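Peer 1: below are the sequence and a predicted model for it; my questions follow.
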Amino acid sequence: MKTRRGTLARSTKRLTVRPLRATDFKAWRDAYLGAGEKQNEWDRSRRPLAELRPPSFKKLLKTQKLTRLRDEKVDFGIFRKDTGEYIGAVSIIAINRSFLQSAIVGYSLFPSHWRQGFGKEFLRAAMDIAFRDLKLHRLHAPISPKNVRSKKLAKSLKFRNEGLCRRYLLIDGVWTDHCIFAITAEEYLG
Ligand SMILES: CC(C)(COP(=O)(O)OP(=O)(O)OC[C@H]1O[C@@H](n2cnc3c(N)ncnc32)[C@H](O)[C@@H]1OP(=O)(O)O)[C@@H](O)C(=O)NCCC(=O)NCCS
């Protein structure tokens, strides 16, 4: 997808990170159908069966396109190159232009693809898109203090823990504390 903001896609050693397309429906649905048991409170890889139908996917693509064109949010699917499987999603959300030029990065992999180094691979790709294509200056990753795996991933890519924000995110109806991990363009681009 070539836009005035760059390609908005990356090919890494084992993954393709890019916005979803209509032809991704089967891979997307199969991933949810095969998701298995919820592994922890941050594992969001479940959707009700009723939402795994073509009209819901069409609606999702439409919303993602709209927010991308409005420069509010860019969503990416994460695909394995060897199998073509859809293994998760990463989003650059709450894009704030003007004198902030910042955004939040959110991500999730289906559990069967955890602990294989894919986290580091897709997050690096998303950071590259954020700083080079979207020309952002600051990227935030709000992470629950208890989410050890995600904190480890952010730290491994040089995000800095800038402190705890009390009652920062509304999750399942509860305002929860989050550590704000951050990195700026100067640090990433060198
Ligand atoms: C957070 C999340 C994306 C991390 O994914 P991940 O793939 O496990 O993360 P990483 O890429 O950092 O994996 C690193 C692990 O893979 C191992 N690894 C790295 N490269 C590898 C390779 N080529 N082959 C096998 N293992 C490898 C590392 O040794 C490391 O293991 P360790 O954690 O035991 O040291 C994932 O756990 C997830 O989706 N969680 C649920 C949602 C969530 O928490 N989102 C974040 C909210 S803030």
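Peer 2: Cool, the structure landed. Predicted model only: the values in this text are computed from it and were never measured.
Peer 1: residues of this structure that sit close to the ligand?
Peer 2: 42-43, 107-109, 114-120, 143, 147, 149-150, 152-153 (Cβ under 6 Å from any ligand atom). No exception for glycine: its C-beta is placed from N, CA and C like everyone else's.
Peer 1: so which of those sit within strands?
Peer 2: Per DSSP state E, strands hold the following members of the residues of the chain next to the ligand: 107, 108, 109, 143.
Peer 1: quick revisit: what subset of the residues of the chain next to the ligand is buried?
Peer 2: The neighbour-count test (16 or more other Cβ atoms under 10 Å) marks 43, 107, 108, 109, 114, 118, 119, 143, 147, 150, 153 as buried among these.
Peer 1: the fourth one bridge partners, please.
Peer 2: Using DSSP bridges, the beta-bridge partners of residue 109 come out as residue 88.
Peer 1: which non-adjacent residue is nearest the spatially most central residue of the chain?
Peer 2: Residue closest to the average C-alpha location in the chain (Cα atoms, centre = their mean): residue 90, at 1.5 Å. Among residues not flanking residue 90 along the chain, residue 107 sits closest, at 4.2 Å (Cβ to Cβ, 6 or more residues apart in numbering).
Peer 1: equivalent analysis for residue 94, please.
Peer 2: residue 104 (4.8 Å).
Peer 1: can you say which helix or strand has the one you found in it?
Peer 2: Assessed by DSSP states H and E, residue 104 sits inside strand 102-109.
Peer 1: helices and strands around that strand, which ones?
Peer 2: Contacts defined by 3 or more Cβ pairs under 8 Å, 6 or more residues apart in numbering; DSSP states H and E place strand 102-109 against strand 86-96, helix 118-128, strand 138-143.
Peer 1: what's the neighbour count on the residue nearest to residue 181 when sequence neighbours are not counted?
Peer 2: With sequence-adjacent residues excluded and distances taken as Cβ to Cβ, 6+ apart, residue 181 is closest to residue 159, at 3.8 Å. Residues near residue 159, counting by other Cβ atoms under 10 Å, number 24.
Peer 1: returning to what we had before: look up how far residue 170 lies from the residue nearest to residue 94.
Peer 2: 14 Å (Cβ to Cβ, to the nearest Å).
Peer 1: tell me the pLDDT of residue 78.
Peer 2: Per-residue confidence at residue 78 stands at 98 (pLDDT).
Peer 1: run the chain-centre distance for the helix or strand in which residue 162 is found.
Peer 2: Here residue 162, judged by DSSP H and E, is contained in strand 160-171. Centroid displacement of strand 160-171 relative to its chain, using Cα atoms, centre = their mean, to the nearest Å, is 18 Å.
Peer 1: who's in contact with stretch 117-136?
Peer 2: 5-10, 12-15, 17, 74, 76, 78, 80, 87-88, 90, 92, 95, 101-103, 105, 107, 109, 139, 149, 153-154, 156-157, 183, 185, 188-189 (Cβ atoms under 8 Å, 6 or more residues apart in numbering).
Peer 1: apply 6 Å and report the result again.
Peer 2: Residues external to stretch 117-136 that are found in contact with it (Cβ atoms under 6 Å, 6 or more residues apart in numbering): 5-6, 8, 10, 12, 15, 17, 78, 90, 92, 101, 103, 105, 139, 153, 156-157, 185, 188-189.
Peer 1: good, wrapping up.
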